[in-house]
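*Asks:* no sequence on this one, just coordinates:
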């Protein structure tokens, strides 16, 4: 079993104050949602958020976890029947969130490597090694970003095996550009704080956020710094960019807008709890937090358009043209009207592991990702699975 990382410990601490009413078949005074059995599952531990691409689903096991001796899979499976197309095994850590572009899969690992695989066969095309030897505290967990023929990743590493993961001085934190064809390093910029999340593309530049609240915009070709900003709180989600603005969410519960050219701070929205995920929904940002709050806020001025309560901590959110999808830490899926936030349907997909038989214990932080298409949703948690999105 992988060692609990600092990220998991922080999220677990954020859930410590939750109390749920017990009683068989009831959740907070109401009956449990209908259970919808997954159509297929792939078992494992701590899967990364899933990625869909050309009828395939990709995910990585032991997301954010490192430990001697663990073996973790990067899988590519048929999204309709769950049949594994190929599997690559990583030793000593888990892997991050994959990116697929054309015929190549790019993904980082907790051992400070970045791999490129053939999308169809899983053949490894190249392997970039950042040179770290640390047992814990490093890695390239965020989803890579591609601009032209360069891949951009945030990487943390240490040259000492027993480095203390809470001692930032023992680690090197960088935003790195790699040749997408062979993995050679084109440039690397030091940043302050771990760049846990993926970098965002902004024209011919990339934007990185770090756990110390620093935000960097860097020229994609040269690596030249265009600006640096800072916000209060740790950044653990990939920034969202658009309409001349950069949006960053912090673990402290704030979403902040920055001018894309000057980095001048604009509006700030304060969520009730630690933000775990946010998504772009056209003119709104959809924000999910540890209190169970899901809110849509205007991208132009940060005003709240609607708010929904999932009752327990949010694990992940996704957006389709007419709906917002929420996975909570009980394993319940909530389908909301994208315009109003009203609940359309909810059902739980988790096995019954909690005392009231309504899914997982919210304190376990088992849910990690949700992605929806026209007919189905795909969830990652203790397994990767496909679930019908039908309305009953």
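*Replies:* Thanks, I have it. Every value quoted in this text rests on a predicted model; they were computed, and no experiment measured them. Numbering: from 1, shown residues only.

*Asks:* Contact partners for residue 96?
*Replies:* Applying CB atoms under 8 Å, 6 or more residues apart in numbering to residue 96 gives the contacts 48, 60, 63, 107, 108, 109, 110, 139, 140, 141, 142, 143. (Glycine included, C-beta is placed from N, CA and C.)

*Asks:* so which strand or helix has residue 280?
*Replies:* Assessed by DSSP states H and E, residue 280 sits inside strand 275-281.

*Asks:* Quick check: can you name the pairing partners of whichever helix or strand comes after that strand and their directions?
*Replies:* Later in the chain than strand 275-281, the nearest helix or strand by DSSP H and E is strand 284-289. The pairing partners recorded for strand 284-289 under DSSP bridges are strand 275-281 (antiparallel), strand 293-298 (antiparallel).

*Asks:* Pull the residues that contact strand 284-289.
*Replies:* For strand 284-289, the external contacting residues (CB under 8 Å, 6+ apart) are 240, 247, 249, 253, 255, 269, 271-280, 293-299, 305, 310, 313-317, 319, 324, 326.

*Asks:* Report the buried members of those.
*Replies:* Buried by 16 or more other CB atoms under 10 Å: 240, 247, 249, 253, 255, 269, 271, 273-279, 293-297, 299, 305, 310, 313-317, 319, 324, 326, out of those.

*Asks:* quick one: low-confidence parts of the stretch 151-300 of the chain?
*Replies:* Within the stretch 151-300 of the chain, the segments meeting pLDDT under 70 span 164.

*Asks:* Strands of that one, residue ranges please.
*Replies:* For the stretch 151-300 of the chain, the strands defined by DSSP state E, counting those that start in this stretch cover 172-179, 185-190, 200-202, 205-209, 214-219, 225-230, 240-242, 245-249, 254-259, 265-270, 275-281, 284-289, 293-298.

*Asks:* Out of these, which one sits most buried?
*Replies:* strand 205-209 (a mean of 27; mean count of other CB atoms under 10 Å).

*Asks:* Return the angle between stretch directions for it and strand 185-190.
*Replies:* Relative orientation of strand 205-209 versus strand 185-190 (axes from the mean of the first three to the mean of the last three CA atoms, to 10 degrees): 40 degrees.

*Asks:* contacting residues around the closest residue to residue 165 other than its chain neighbours?
*Replies:* Of all residues beyond its chain neighbours, the one nearest residue 165 is residue 137 (3.0 Å), with distances taken as CB to CB, 6 or more residues apart in numbering. Contacts for residue 137 (CB under 8 Å, 6+ apart) come out as 6, 66, 156, 158, 163, 164, 165, 166, 170, 171.

*Asks:* Now do residue 137 against residue 171, distance only.
*Replies:* Distance of residue 137 to residue 171, given as CB to CB, to the nearest Å: 6 Å.

*Asks:* cool, and residue 235?
*Replies:* From residue 235 to residue 171 the distance is 16 Å (CB to CB).

*Asks:* higher neighbour count, those two?
*Replies:* A direct count of neighbours by other CB atoms under 10 Å for residue 235 and residue 171 places residue 235 higher, at 28 against 21.

*Asks:* circling back: who wins for neighbours among the contacts of residue 137?
*Replies:* Counting neighbours by other CB under 10 Å, the top entry in the contacts of residue 137 is residue 156, with 27 neighbours.

*Asks:* For that one, which residues count as its bridge partners?
*Replies:* So, taking DSSP bridges as the rule, residue 156 has residue 139, residue 173 as bridge partners.

*Asks:* Go ahead and confirm it touches residue 111.
*Replies:* No - between residue 156 and residue 111 there is no contact under CB atoms under 8 Å: 11.3 Å.

*Asks:* Overlap of the contact sets of the two?
*Replies:* Residues within reach of residue 156 and of residue 111 at once, by CB under 8 Å, 6+ apart, are 132, 138, 139.

*Asks:* Identify the residues contacting the residue lying closest to the first one once chain neighbours are set aside.
*Replies:* On the basis of CB to CB, 6+ apart, the spatially nearest residue to residue 132 that is not a chain neighbour turns out to be residue 157, at 2.7 Å. Contact analysis of residue 157 by CB under 8 Å, 6+ apart lists 112, 130, 131, 132, 134, 138, 139, 171, 172.

*Asks:* Please identify the helix or strand for the nearest residue to residue 51 once chain neighbours are set aside.
*Replies:* Of all residues not flanking residue 51 in the chain, residue 58 sits nearest, at 4.6 Å (CB to CB, 6+ apart). Element membership for residue 58, per DSSP H and E: strand 56-60.

*Asks:* So in that sheet, which strands flank that strand, and in what orientation?
*Replies:* In the sheet, strand 56-60 lines up against strand 51-53 (antiparallel), strand 66-78 (antiparallel) (DSSP bridges).

*Asks:* Sweet, I'm off.
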